[in-house]
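# sequence and predicted structure below; questions after.
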Amino acid sequence: AGFVAARLAGVAATGLVVGLFIDHVWIGICGALATYLGLQLFRLHQLDYWLRHRSLMDPPDAAGLWGDVVALVVRLYRRKKFHKQRLVEMFRELRRSTASMPDGVVTLNRENEILWFNRTAGELLGLRRRVDTGLRVGNLIRQPEFGRYLANEQYTQPVTLPPTSTEGRWLSMQLVPYGDGQKLLLVRDVTRQSQLEAMRKDFVANASHELRSPLTVVSGYLETLAADPTIDADLQHPLREMRRQAERMTGIVNDLLELSRLESDDGEVGGAPIDVAALLAVLRKDALSRPQPTSEVRVSIESDRQIIGDETQIHSAFSNLVDNAAKYTPADGRIELRWWVDDDGGHFAVTDTGIGIPSEHLPRLTERFYRVDAGRARATGGSGLGLAIVKHSLQRHGARLEIASIEGRGSTFTCHFPPRRLASVAEQRIRA
Ligand code: ADP
């Protein structure tokens, strides 16, 4: 400001000198100031013109204040250009990397409309950039499994979709919510894994099936031999042991067959209402009629709602749990079977005061052939398949198994059924 004032004073003084010279002081001053103003306006116009056509022409060369302003603008412009370029580069890099990702990525907005997708997603889902952007993903991927997954809003696990045509691919889809209701849809080609899995299932099913007939024959002969009174006394013990082992093998083969039946289709089963109270009464009787029964088996029915499901599968799951409780609880222990319903759905719990399970085993307990103590389980005739069967039966009903246990104190196995698996009392009356 001081500089500008000095300039102005200088111009006025020049005007004054010129004015004195031509004898009209004010005209001289005014003329000088007007000229100065004109010059400034010209500079301003130049600057304005340059700013408007910045990309086409060089900056005007001006000295003094205008020069400073021009230099400042040039600097700001350069810096902006630099940042913009970096941002564009970063964006391109990001797009290139997501585009060449082996997994498909689709971004969806709050309404599940497609905002963007990468090349792999386009190939796997048959999406076309111009046509399908902005469309709802549920209208493009029409398999009912996906529709259910989308509606369910439970995205922790991916959903696997079977191929829609003979040479189609198995796709694993997972939604990842982010930001404000937006979602990332990750798509993976799992054809190979699915084929291997199918082969494994087939192999287990076929092998167990093939083992069944020879086993039946062996068991039959062993039975006949055991019943023969002329057999040497020395052979009695080995014969008994052979029969026991043959029985165990039959048990394992039957469990394997049941497991492969449960696995053979992934979808949920339908079914009819199951009378939980009646089922638990039967299970209680079974538990009490074991060779060395637990003395106390209590049943507590706190709801008359029924489970909608496959009676055989539910019976098999529940009886496996009750069997285990009886197997691993001493005769002076106690077992409680409890059925109750709350807002989360229906719950069936088996609590025992048995030997319990060390906590490090809990996460792996439902794996096939997993046993806490192989020696002990063998002695009790366990195959390690029981809980795998329970888990699968429950899965097919949209239910899950929860296991809590304290070593030396006892265990609680709880089956949680979602509300949609419960028949209301009114519904039961209509069916009745
Ligand atoms: P198994 O046929 O050997 O019982 P399961 O799959 O039913 O096979 O159970 C797996 C293992 O879990 C068992 O070997 C046993 O060690 C443990 N287990 C299951 N239920 C109980 C229970 N109620 N109390 C203690 N241990 C249990």
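The structure has been received and is ready for your questions. Numbering: from 1, shown residues only.

# from the contact counts, what lies against the helix or strand where Gly147 lies?
Here Gly147 sits within helix 144-152, counting by DSSP states H and E. If you count contacts as 3 or more CB pairs under 8 Å, 6 or more residues apart in numbering; DSSP states H and E, helix 144-152 packs onto helix 137-140, strand 159-161, strand 171-178. C-betas here are computed from N, CA, C, even on glycine.

# could you pull out the strands for the protein?
104-108, 114-117, 159-161, 171-178, 182-189, 272-274, 296-301, 306-309, 334-342, 345-352, 400-406, 410-417, 422-423 (DSSP state E).

# in a markdown table: the ones you listed, plus mean neighbour count, mean pLDDT and distance to Leu385.
Listed next are the strands of the chain as a markdown table, based on neighbours: other CB atoms under 10 Å; pLDDT from 0 to 100; distance: least, CB to CB, whole Å:
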| stretch | mean neighbour count | mean pLDDT | distance to Leu385 |
| --- | --- | --- | --- |
| strand 104-108 | 21 | 92 | 37 |
| strand 114-117 | 18 | 91 | 43 |
| strand 159-161 | 19 | 90 | 24 |
| strand 171-178 | 17 | 93 | 27 |
| strand 182-189 | 19 | 93 | 30 |
| strand 272-274 | 16 | 93 | 23 |
| strand 296-301 | 15 | 95 | 24 |
| strand 306-309 | 24 | 94 | 21 |
| strand 334-342 | 18 | 96 | 21 |
| strand 345-352 | 21 | 96 | 18 |
| strand 400-406 | 16 | 96 | 14 |
| strand 410-417 | 21 | 96 | 15 |
| strand 422-423 | 20 | 92 | 28 |
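
# circling back: give me the buried positions along the helix holding Gly147.
The neighbour-count check on helix 144-152 (16 or more other CB atoms under 10 Å) flags 146, 149-150 as buried.

# alpha carbons of stretch 123-131, as PDB, please.
Included here for stretch 123-131 are C-alpha records, laid out as PDB according to Å, rounded to 0.1, in the frame of the first residue of the first chain:
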ATOM      1  CA  GLU A 123     -16.900 -61.100 -18.200                       C
ATOM      2  CA  LEU A 124     -18.100 -63.200 -15.300                       C
ATOM      3  CA  LEU A 125     -21.600 -61.600 -15.100                       C
ATOM      4  CA  GLY A 126     -22.000 -60.800 -18.800                       C
ATOM      5  CA  LEU A 127     -22.400 -57.000 -18.100                       C
ATOM      6  CA  ARG A 128     -22.000 -54.400 -20.800                       C
ATOM      7  CA  ARG A 129     -20.800 -51.000 -19.700                       C
ATOM      8  CA  ARG A 130     -23.100 -48.800 -21.700                       C
ATOM      9  CA  VAL A 131     -26.300 -50.900 -21.200                       C
END
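
# what about it, average pLDDT?
Stretch 123-131 shows a mean pLDDT of 88 in the predicted model.

# buried sites along that stretch?
For stretch 123-131, the neighbour count (16+ other CB under 10 Å) marks 124-125, 127 as buried.

# likewise for stretch 207-216?
Residues 208, 211-212, 215 are the ones in stretch 207-216 that count as buried (16+ other CB under 10 Å).

# so where's the stretch 51-200 of the chain shaky on pLDDT?
Residue ranges of the stretch 51-200 of the chain with pLDDT under 70: none are present.

# an error on my part: the question was meant for the stretch 201-350 of the chain.
Across the stretch 201-350 of the chain, the ranges flagged by pLDDT under 70 are 266.

# of the strands of the chain, which is nearest Lys84?
strand 114-117 (21.2 Å; CB to CB).

# which residues touch that closest one?
With CB atoms under 8 Å, 6 or more residues apart in numbering as the test, strand 114-117 has contacts from 104-109, 125, 127, 129, 132-137, 140, 182.

# and with 6 Å instead?
Strand 114-117 is contacted from outside by 106-107, 109, 127, 132-133, 135, 137, using CB atoms under 6 Å, 6 or more residues apart in numbering.

# go on, stretch 148-159?
The contact list for stretch 148-159 (CB under 6 Å, 6+ apart) reads 138, 145, 172-175.

# in these, find the pair that's most separated.
With CB to CB as the measure, no two of those lie farther apart than Gly138 and Ser172, at 17.6 Å.

# residues touching the residue in the stretch 1-150 of the chain positioned nearest to the ligand, list them.
Residue nearest to the ligand within the stretch 1-150 of the chain: Glu145 (28.5 Å; CB to the nearest ligand atom). Residues near Glu145 by CB under 6 Å, 6+ apart: 159, 161.

# what does stretch 265-283 contact?
Contacts of stretch 265-283 (CB under 6 Å, 6+ apart): 299, 301, 306-311, 314, 318-319, 322, 337, 339, 396, 398, 423, 428.

# is that stretch up against the ligand anywhere?
No. Using CB under 6 Å from any ligand atom, stretch 265-283 never reaches the ligand; the gap is at least 13.8 Å.

# what is the end-to-end distance of that stretch?
Taking CA to CA, to the nearest Å, stretch 265-283 runs 27 Å from one end to the other.

# list the buried residues in that stretch.
268-269, 271, 273-274, 276, 279-280, 283.

# between the strands of the chain, which gets nearest to Arg368?
Smallest distance to Arg368 across the strands of the chain (CB to CB): 14.5 Å, for strand 400-406.

# and that closest one, which strands flank it?
strand 410-417 (antiparallel) (DSSP bridges).

# tell me what angle the strand it pairs with forms with strand 334-342.
Here strand 410-417 runs at an angle of 30 degrees relative to strand 334-342 (axes from the mean of the first three to the mean of the last three CA atoms, to 10 degrees).

# what about strand 410-417, near the ligand?
Yes. Applying CB under 6 Å from any ligand atom, one finds strand 410-417 touching the ligand at Ser411.

# using PDB, write out every CA atom in that strand.
Taking C-alpha atoms only, strand 410-417 is exported to PDB below (Å, rounded to 0.1, in the frame of the first residue of the first chain):
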ATOM      1  CA  GLY A 410     -20.300 -79.800  31.500                       C
ATOM      2  CA  SER A 411     -21.500 -78.500  28.200                       C
ATOM      3  CA  THR A 412     -24.400 -76.800  26.500                       C
ATOM      4  CA  PHE A 413     -25.200 -77.300  22.900                       C
ATOM      5  CA  THR A 414     -27.800 -74.900  21.600                       C
ATOM      6  CA  CYS A 415     -29.600 -74.900  18.200                       C
ATOM      7  CA  HIS A 416     -30.900 -71.500  17.200                       C
ATOM      8  CA  PHE A 417     -33.800 -71.500  14.700                       C
END
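
# what angle do strand 345-352 and it make with each other?
160 degrees.

# on that earlier part again, distance to Val372 added to the helices and strands packed on helix 144-152, as a markdown table?
Converted to a markdown table, the helices and strands packed on helix 144-152 look like this (distance: least, CB to CB, whole Å):
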| stretch | distance to Val372 |
| --- | --- |
| helix 137-140 | 45 |
| strand 159-161 | 31 |
| strand 171-178 | 32 |
